[in-house]
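Trainee: Here is the input, now give the coordinates:
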Amino acid sequence: MINAHNNEPPRPSFEFYFGILMSSPHPLSICNKERIFIDVNDAWLQTTGYQRDEVLGRHMDEINIGDRMVINKQDPQKAQLYMHSYIKPSLNFEVWIAVINSRVIQWVSFIQKDGATEYIVSRGVDITRQLEMENSLQEKNAELSSIFAYANSLIFTADARGTIHFVSPGCQKMLGYDASEIEGKNLKPFLHPDDVISCEAVFKGMIKDEEPINIEYRIRHRDGSWRWHLCSGGVAKNPAGKVLFYIGIATDVTEKKQVEQALLKSEDKFSKAFHSSPTPLSISTLEEGRFIDVNETFCQVVGYERQEILGRTSCDLQIWTEPGKRSEVKEKLLRGKSVGNFEVCFRMKSGEKRLGLYAAESINIDSQMCMLSILKDITDQRLAEEEVRYLSFHDRLTGLYNRAYFEEELTRLDTARQLPLSIIMGDVNGLKLINDALGHQEGDKLLVMVAVALKEACRSEDIVARWGGDEFIILLPGCPHKVAAGIVERIKGAETIFHTLPIQTSISLGTATKTLSNENIRSIIKEAEDKMYRNKLLENKSTRSYFLSSLERTLWSRSHETKDHCERIKKMAMLIGEHIHLPAGEMDSLRLLAALHDIGKIAISNSILEKPGKLTAEEWETIKKHPEVGYRIALSSPEMAPIAEAILHHHERWDGAGYPLGLMGKDIPFLSRIISIVDTYDVMTHGRPYQAAVSSEDAWSEIIRMAGSQFDPDLVNIISNLNFKSDWK
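Mentor: All right, here's what the predicted structure looks like:
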């Protein structure tokens, strides 16, 4: 309906507004001008905790809804005054009232009618969450301010052009600048020239891709030095997604970089030293033994290529032949101990087992427990040590104990508990003859044979030693004289093994036994030695003739000099001696010379002596040495010594073209000149593997032809008067 007086539409009734207000979700109350509660809505009751009948009809001062009021900012003193003086009718404005516990803000409206206040309407809003958020924000701001103030890092913001808008107080500590000296300036002039491009690229990429970044760069300090910074950061955006600015947190990592660079240099030096070291080195994990690195020397020791080792375990490669020893090493390292001079047996790639000297220290690599190991191959060293140890107590040639070891054992065993203690001394007969005639190689062979015979004849507990050049000694603890004598007989029974040598040899032995503690063991050794020499003299007297006959038999078996040849030579030589009236002593020497003038041939191989074809120059030189060998053999025997010179020169020629010394004419021993003629005659008439036989007439004609060049012409002329055809057959 339109108002008739001012054409205004009719205004809603109070009851209409009252109904709307009371249905509001916010706390509402209505008081009359006397401030008596007329009504409150449900939201007000729920907020204040009152019941409706506790409120209606009561004065506002009777309902305790607050002890503090915050009045409208327009004129708080007036508002407070009017609230407590029943509100003047001429006022019509709102005030704020903060209810107890700071939970509700209340707006108060004054409804006027005819210029006078009729009702007081109050509407409240619960601001608890808002206040909590404000308080929290204040706390966060305070916390953030503290972080900015005390943080060791530099916090800053910059725009897309690199202009710095904000820096935290850490700027002074890290760079020596106040914030005012940095803010508003571009970052680029502060960067190291070598880092500008990389920083710009990263910064642009971050603005574009909006991805957080981490970058290291150098920045100039106020004192002119360059400091390394590690910066982490990202972009801040508005709700619409637009990038507002870049925020970064920079930490000074200069010392860390210096340490890293020093570490890199150290690691580089270590790596170079590791890989160039002549010591076999490896690095492996402690737990499972997986190889991380090895040097070339280690590869040579185990026989693997480097790529075959890396990443594999020692168990995979089966390097440890005794896994328990690796476990022992592991346990020691876990207890913080090092391992050194630890002998191990290891297996090479070829499967060969070697002896090693192992050492290890625990090291930490990338937070993993590892061990740095040394594995030296000491197999050859140990063998050499064993060899030295062996040689220090053993004779190198025979393998028997040496005199030094014997002396130690003699001291150890010369006790009452070892009685009776027997000694056997032995001397090899003919060793010098073997050495002179056949060479030291054959003499060494004889000594080895003797050593074997002695060892086989003795008991396992006996000490058999080489006492000197051709002397041996045996120490027999707990051995009665009778048992020692039985051992001597076993040794003599083994002499048959020496018959394989071209010259007959034997062993002279003597034995003595200590039965009483007060007897001097040196006297016992002297007694055994004296008995040995007595036996040697007796054996020499009984075997001299046997020795000569054995030489003849050896000569016949080792060359084409047969018994018949020797008999013919002796017969012809005796005829010549009788014809020229040689003295009896010379006749004996001539007879012996006829039989043994070629004794030196026993040292020459049968393959040369019996060769049917022409001899080589080397073979001929070997043949020409037999007079010298025969000379040495003759000097070794008293019976043969008188004919030694004749043996040496029986191949000399009258004209000086013979051997071995090229004597000529009458400088050649007379007996040698006789043997030269008869030996040549017999060889021509009976032949050799390399030469056919001729008739007696042809042979003698050749001798006559060679008289004055090869043979003594006077001697040939004398022999020509003999009836050689009948007497020399």
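
Trainee: what's the nearest residue to L334 if we skip its chain neighbours?
Mentor: L286 (7.3 Å; C-beta to C-beta, 6 or more residues apart in numbering). C-beta here means a position set from N, CA and C on the backbone, and glycine is covered the same way.

Trainee: got a pLDDT number for the one you found?
Mentor: Note on L286: pLDDT of 88.

Trainee: now swap in the one 10 residues further on and tell me
Mentor: Note on E296: pLDDT of 91.

Trainee: All further residue positions should be reported with the first residue as 7.
Mentor: I'll keep to 7 as the first residue from here, and by that count the last item is E302.

Trainee: Where does the residue nearest to it when sequence neighbours are not counted sit: helix, strand or coil?
Mentor: Using C-beta to C-beta, 6+ apart and skipping the chain neighbours, the partner closest in space to E302 is H281 (6.8 Å). Using DSSP: H, G, I helix; E, B strand; the rest coil, the structure places H281 in helix.

Trainee: I'd assumed V300 was in contact with H281.
Mentor: No. Here H281 lies out of contact with V300, judged by C-beta atoms under 8 Å, at a distance of 9.1 Å.

Trainee: Could you check which of these two is surrounded by more residues?
Mentor: More crowded of H281 and V300, by other C-beta atoms under 10 Å: V300, with 24 against 14.

Trainee: Identify the residue spatially nearest to that one, adjacent ones excluded.
Mentor: Of all residues not flanking V300 in the chain, S288 sits nearest, at 4.5 Å (C-beta to C-beta, 6+ apart).

Trainee: What is the neighbour count of that neighbour?
Mentor: Counted with other C-beta under 10 Å, S288 comes out at 25.

Trainee: Model confidence score at it, please.
Mentor: 91.

Trainee: check contacts around it.
Mentor: Contacts were defined as C-beta atoms under 8 Å, 6 or more residues apart in numbering; by that measure S288 touches 297, 299-301, 304, 315, 378-379, 381.

Trainee: Just say helix, strand or coil for it.
Mentor: Counting by three-state DSSP, the backbone at S288 sits in strand.

Trainee: Would you mind measuring from it to G357?
Mentor: Distance of S288 to G357, given as C-beta to C-beta, to the nearest Å: 20 Å.

Trainee: One more: N524?
Mentor: Distance, N524 to G357, by C-beta to C-beta: 60 Å.

Trainee: which phi and psi does K631 have?
Mentor: For K631, the backbone dihedrals (degrees, to the nearest 10) come out as phi -90, psi -10.

Trainee: can you map out the strands along the stretch 507-656 of the chain?
Mentor: For the stretch 507-656 of the chain, the strands defined by DSSP state E, counting those that start in this stretch occupy 512-520.

Trainee: what about the helices in it?
Mentor: Listed in chain order, the helices of the stretch 507-656 of the chain (DSSP state H, counting those that start in this stretch) span 527-564, 569-585, 590-602, 612-615, 623-629, 632-641, 650-654.

Trainee: circling back: which one of the contacts of S288 sits closest to I221?
Mentor: Within these, proximity to I221 (C-beta to C-beta) peaks at D299, which comes in at 31.7 Å.

Trainee: Which strand residues bridge the closest one?
Mentor: I289 (DSSP bridges).

Trainee: surely it meets F280?
Mentor: Yes. Between D299 and F280 there is a contact under C-beta under 8 Å: 7.1 Å.

Trainee: what ranges of the stretch 357-506 of the chain fall below the confidence cut-off?
Mentor: 443, 505-506 (pLDDT under 70).

Trainee: what do you get if the cut-off is 90, keeping everything else the same?
Mentor: The model of the stretch 357-506 of the chain has pLDDT under 90 over residues 368-375, 377, 386-399, 402, 435-449, 451-452, 474-475, 498-506.

Trainee: Where do the helices of it begin and end?
Mentor: Ranges of helices in the stretch 357-506 of the chain, per DSSP H, counting those that start in this stretch, are 385-399, 409-419, 437-444, 446-463, 487-499.

Trainee: list the helices and strands the third one packs on?
Mentor: I take that to be helix 437-444. Other helices and strands packing on helix 437-444, by 3 or more C-beta pairs under 8 Å, 6 or more residues apart in numbering; DSSP states H and E, are helix 446-463, helix 632-641.

Trainee: could I get the shortest one in CSV with only the CA atoms?
Mentor: Once side chains and other backbone atoms are set aside, the C-alpha atoms of helix 632-641 remain, and they are given as CSV (Å, rounded to 0.1, in the frame of the first residue of the first chain):
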residue,chain,number,x,y,z
HIS,A,632,143.0,-89.4,-22.9
PRO,A,633,146.8,-89.3,-22.3
GLU,A,634,146.3,-86.5,-19.8
VAL,A,635,143.5,-88.5,-18.1
GLY,A,636,145.7,-91.6,-18.0
TYR,A,637,148.5,-89.5,-16.5
ARG,A,638,146.3,-88.3,-13.6
ILE,A,639,145.1,-91.9,-13.0
ALA,A,640,148.7,-93.1,-12.9
LEU,A,641,149.7,-90.5,-10.4
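
Trainee: Give me the average confidence score over that helix.
Mentor: Per-residue pLDDT over helix 632-641 has a mean of 87.

Trainee: lowest-confidence helix or strand of this structure?
Mentor: Lowest on mean pLDDT, DSSP states H and E among the helices and strands of the chain sits helix 82-90, with a mean of 35.

Trainee: Next, count neighbours for V722.
Mentor: Neighbour count for V722, taken as other C-beta under 10 Å: 20.

Trainee: Then the one 4 residues further on?
Mentor: Using other C-beta under 10 Å, S726 has 12 other residues around it.

Trainee: returning to that earlier point: M375 is in contact with the residue nearest to L340, correct?
Mentor: Yes. If you go by C-beta under 8 Å, L292 and M375 touch, sitting 4.4 Å apart.

Trainee: residues shared between the contacts of these two?
Mentor: Counting by C-beta under 8 Å, 6+ apart, the residues touching both L292 and M375 are 340, 368.

Trainee: Neighbour count for the two, which is higher?
Mentor: The neighbour count for L292 versus M375, taken as other C-beta under 10 Å, is higher for L292 (18 against 14).

Trainee: for that one, what are its contacts?
Mentor: Taking C-beta under 8 Å, 6+ apart, one finds 336, 339-340, 368, 375-377 in contact with L292.

Trainee: ditto for E501
Mentor: Residues near E501 by C-beta under 8 Å, 6+ apart: 459, 511-513.

Trainee: just those: which has the poorest pLDDT?
Mentor: Checking pLDDT across the contacts of E501, the minimum falls on T511 at 79.

Trainee: neighbours around it, how many?
Mentor: 21.

Trainee: leaving aside the residues next to it on the chain, what's closest to it?
Mentor: Excluding the flanking residues, the one nearest T511 by C-beta to C-beta, 6+ apart is G436, at 3.6 Å.

Trainee: thinking the one you found is in contact with I513, fair?
Mentor: No. Between G436 and I513 there is no contact, the gap being 9.8 Å when judged by C-beta under 8 Å.

Trainee: Export the helices of the stretch 507-656 of the chain as JSON lines, with columns for distance to G671.
Mentor: JSON lines is the format used below for these (distance: least, C-beta to C-beta, whole Å):
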{"stretch": "helix 527-564", "distance to G671": "29"}
{"stretch": "helix 569-585", "distance to G671": "19"}
{"stretch": "helix 590-602", "distance to G671": "20"}
{"stretch": "helix 612-615", "distance to G671": "30"}
{"stretch": "helix 623-629", "distance to G671": "24"}
{"stretch": "helix 632-641", "distance to G671": "18"}
{"stretch": "helix 650-654", "distance to G671": "16"}
